[in-house]
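Engineer: Pasting a predicted model and its sequence here:
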Amino acid sequence: MIISICTDVAALKEHDSIKIVNDESPAARAKILGTGGTNIFYNGNSSIVCLTGLEGLEVLADLDYVVITSYEEIFGYTHTETHIDEESAEEVEELITIYPISEMKALYDSIYTRAPVTTDLGTYTPPALMGIPGGYDISHLSTGE
């Protein structure tokens, strides 16, 4: 899953690739501002958006307040590699752990704080992963939960 993290939503809304011009909405607007079926979380002037693709977002690549990343980079992950053992000549499966990028995890945590939320139904803590769509396999992620 692709994640967009924006640390200056106000500036982003004024960017030419996001602004509505002549009643036309640019392709990037729907994805980044959450009107295109993606999940979005705002915290003050920052946001995290779960993206389904990168089409139309090329113009945002050079902005220093927009980071495109993934849950794998934020949390780390595990995967299995298969190789031939040199001594036994047998095929061996090895579980490989890829550690998170600490800067990405810190940025994610600074916006999506997981502070307890109180509603008329009670108090709960949001899940570690913001906005996971149904059917997305997260078993390889190292969320600690």
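Structural biologist: It's in.
Engineer: going forward, measure contacts between C-alpha atoms and count neighbours the same way
Structural biologist: Noted.
Engineer: Wait, Tyr124 touches Val117, no?
Structural biologist: Yes: assessed by Cα atoms under 8 Å, Tyr124 is found in contact with Val117 at 5.4 Å.
Engineer: Does anything pack onto the helix ranked longest in the chain? Which helices or strands?
Structural biologist: For the chain, the helix that runs over the most residues, judged by DSSP state H, is helix 102-111. Helices and strands touching helix 102-111, as assessed by 3 or more Cα pairs under 8 Å, 6 or more residues apart in numbering; DSSP states H and E, comprise strand 46-51, helix 71-75.
Engineer: which stretches of this structure have low pLDDT?
Structural biologist: 34-38, 145 (pLDDT under 70).
Engineer: Going along the chain, name the strands of it.
Structural biologist: Along the chain, counting by DSSP state E, strands occupy 2-6, 40-43, 46-51, 66-70, 77-84, 91-98, 117-119, 122-124.
Engineer: Tell me how far the most centrally placed residue in the chain lies from Leu54.
Structural biologist: Against the mean C-alpha coordinate of the chain, by Cα atoms, centre = their mean, the closest residue is Ile3 at 2.5 Å. Per Cα to Cα, to the nearest Å, Ile3 is found 10 Å from Leu54.
Engineer: Could you do Ser4 as well?
Structural biologist: Counting by Cα to Cα, the gap from Ser4 to Leu54 is 10 Å.
Engineer: Between those two, point out the one with more neighbours.
Structural biologist: Ranked by neighbour count (other Cα atoms under 10 Å), Ser4 and Leu54 place Ser4 first, with 20 against 13.
Engineer: Report the contact partners of the residue nearest to that one when sequence neighbours are not counted.
Structural biologist: Nearest-residue entry for Ser4: Ile68, 4.6 Å, with adjacent residues in sequence omitted and distances by Cα to Cα, 6 or more residues apart in numbering. Taking Cα atoms under 8 Å, 6 or more residues apart in numbering, we find Ile68 in contact with Ile2, Ile3, Ser4, Ile5, Ala61.
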